[in-house]
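K.L.:
okay, structure incoming, though there's no sequence with it:
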């Protein structure tokens, strides 16, 4: 009975949010900007020399345009949130954004990227968060020209929602890879989480001070120890790799404090912490998902990504993960619905 109630709750919430988006006569915000990693990348890595790109089937098997560079079978959370916010389409990736479209928003996210600039370098090129902010500076300059001056651009951008999903790779493709990186020998988990959050805080301060951003959604990192990649390494009898999740919890706890500090110290700032990524196996099962610890596709032993051309599982809606790291669209729906509830705090 409890299972049915929880499933019904998630279904009703999502249906209500979809209806709200459909009946909206106008955008709930004038623009939507996305920063982050492969969880929200919609094609920025396609032209990079990197193993972290997925412009091939089975990725996009359930997406209307097919493979686009999204690391899932269908839509990612940025796509779904754009719809819920009343946009007719997803905001374009920076790599292909053109003309006046940038006024409505841009997606800067890049697979394998992180808060730290070196994160993900073993896979090839990627657009770190620092570089994403540099790309936003380019966008800001273009919007300033379109609107006449920097002041007008900042007024416009102060009304936009900024969605951040970053930090996972600073563990997956950095701290947890001692064969490539020295961070785990230099810092214990507590120290590393502190250093990450300090750098992240500086980056968000830059967005606020230089480009007029005021409404910012800061997403916590999900339970990385519950990904198929970590479960395959062994969990000592538990559902997930607890030590990996413990390290992530240290980061998320500090992230919440950082968000509170930014709101206290920055005039008119409206930062919200988004814990929607924190879906554990029991939560996924409550969504009606049956397979929570294995990928939907056959994956590469090196990258954990789907092997090109391999057929995925038939019923993607029953799988939590499409590959070794990235959730399926059904999970993205749930995350986006919960995130939208956080965004509503910024819409007034």
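P.N.:
Okay, I see it. These numbers come from a predicted model, not from an experiment.
K.L.:
got the confidence number for the nearest residue to residue 77 once chain neighbours are set aside?
P.N.:
Closest residue in space to residue 77, ignoring its immediate chain neighbours: residue 336 at 4.4 Å, by C-beta to C-beta, 6 or more residues apart in numbering. No exception for glycine: its C-beta is placed from N, CA and C like everyone else's. Here the pLDDT value assigned to residue 336 is 97.
K.L.:
which helix or strand contains residue 336?
P.N.:
Secondary structure assigned from DSSP states H and E places residue 336 in helix 329-343.
K.L.:
run through who's touching that helix.
P.N.:
Applying C-beta atoms under 8 Å, 6 or more residues apart in numbering, the contact partners of helix 329-343 are 10, 13-14, 17, 62, 72-77, 79-81, 84-85, 161, 163, 217, 219, 272-274, 276-277, 279, 284, 287, 289, 316-317, 319-321, 327.
K.L.:
ok, back up a step: tally of neighbours for the residue nearest to residue 77?
P.N.:
A count of nearby residues for residue 336, using other C-beta atoms under 10 Å, gives 25.
K.L.:
quick check: it vs residue 39, distance?
P.N.:
In this view, residue 336 and residue 39 are 11 Å apart by C-beta to C-beta, to the nearest Å.
K.L.:
find residues that contact each of these two.
P.N.:
Contacts common to residue 336 and residue 39, judged by C-beta under 8 Å, 6+ apart, are residue 77.
K.L.:
tell me the helix or strand right after the worst-scoring helix or strand of the chain on mean pLDDT.
P.N.:
The least trusted helix or strand in the chain, going by mean pLDDT, DSSP states H and E, turns out to be helix 2-23, with a mean of 49. The helix or strand immediately downstream of helix 2-23 is strand 32-36, counting by DSSP H and E.
K.L.:
what is that following strand packed up against?
P.N.:
Here strand 32-36 touches helix 77-84, helix 129-147, strand 161-165, going by 3 or more C-beta pairs under 8 Å, 6 or more residues apart in numbering; DSSP states H and E.
K.L.:
measure how the second one sits relative to strand 161-165, angle-wise.
P.N.:
Read that as helix 129-147. With axes from the mean of the first three to the mean of the last three C-alpha atoms, to 10 degrees as the basis, helix 129-147 and strand 161-165 are set at 160 degrees to each other.
K.L.:
who's in contact with residue 137?
P.N.:
So residue 137 contacts 210, 211 (C-beta under 8 Å, 6+ apart).
K.L.:
now do it against residue 211, distance only.
P.N.:
Applying C-beta to C-beta to residue 137 and residue 211 gives a distance of 7 Å.
K.L.:
again, but for residue 85
P.N.:
The spacing between residue 85 and residue 211, counted by C-beta to C-beta, is 20 Å.
K.L.:
what about the helix holding residue 336, distance to the chain center?
P.N.:
Chain-centre distance of helix 329-343: 11 Å, with C-alpha atoms, centre = their mean, to the nearest Å.
K.L.:
next, the angle strand 161-165 makes with it.
P.N.:
130 degrees.
K.L.:
give me the angle between helix 329-343 and strand 32-36.
P.N.:
Going by the same axes, to 10 degrees, helix 329-343 makes 120 degrees with strand 32-36.
K.L.:
what's near enough to touch the residue positioned nearest the centre of the chain?
P.N.:
Closest residue to the average C-alpha location of the chain: residue 165 at 3.3 Å, with C-alpha atoms, centre = their mean. Shown in contact with residue 165 (C-beta under 8 Å, 6+ apart): 34, 35, 36, 37, 39, 40, 77, 78, 109, 219, 277.
K.L.:
ok, of these, which come out buried?
P.N.:
Buried subset of the contacts of residue 165 (neighbour count, 16 or more other C-beta atoms under 10 Å): 34, 35, 36, 37, 39, 40, 77, 78, 109, 219, 277.
K.L.:
how about JSON lines for these, with distance to residue 257 and pLDDT added?
P.N.:
Conversion of the buried ones among the contacts of residue 165 to JSON lines gives the following (distance: C-beta to C-beta, whole Å; pLDDT from 0 to 100):
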{"residue": "34", "distance to residue 257": "24", "pLDDT": "99"}
{"residue": "35", "distance to residue 257": "20", "pLDDT": "99"}
{"residue": "36", "distance to residue 257": "21", "pLDDT": "98"}
{"residue": "37", "distance to residue 257": "22", "pLDDT": "98"}
{"residue": "39", "distance to residue 257": "23", "pLDDT": "98"}
{"residue": "40", "distance to residue 257": "24", "pLDDT": "98"}
{"residue": "77", "distance to residue 257": "24", "pLDDT": "98"}
{"residue": "78", "distance to residue 257": "26", "pLDDT": "98"}
{"residue": "109", "distance to residue 257": "25", "pLDDT": "98"}
{"residue": "219", "distance to residue 257": "15", "pLDDT": "98"}
{"residue": "277", "distance to residue 257": "18", "pLDDT": "95"}
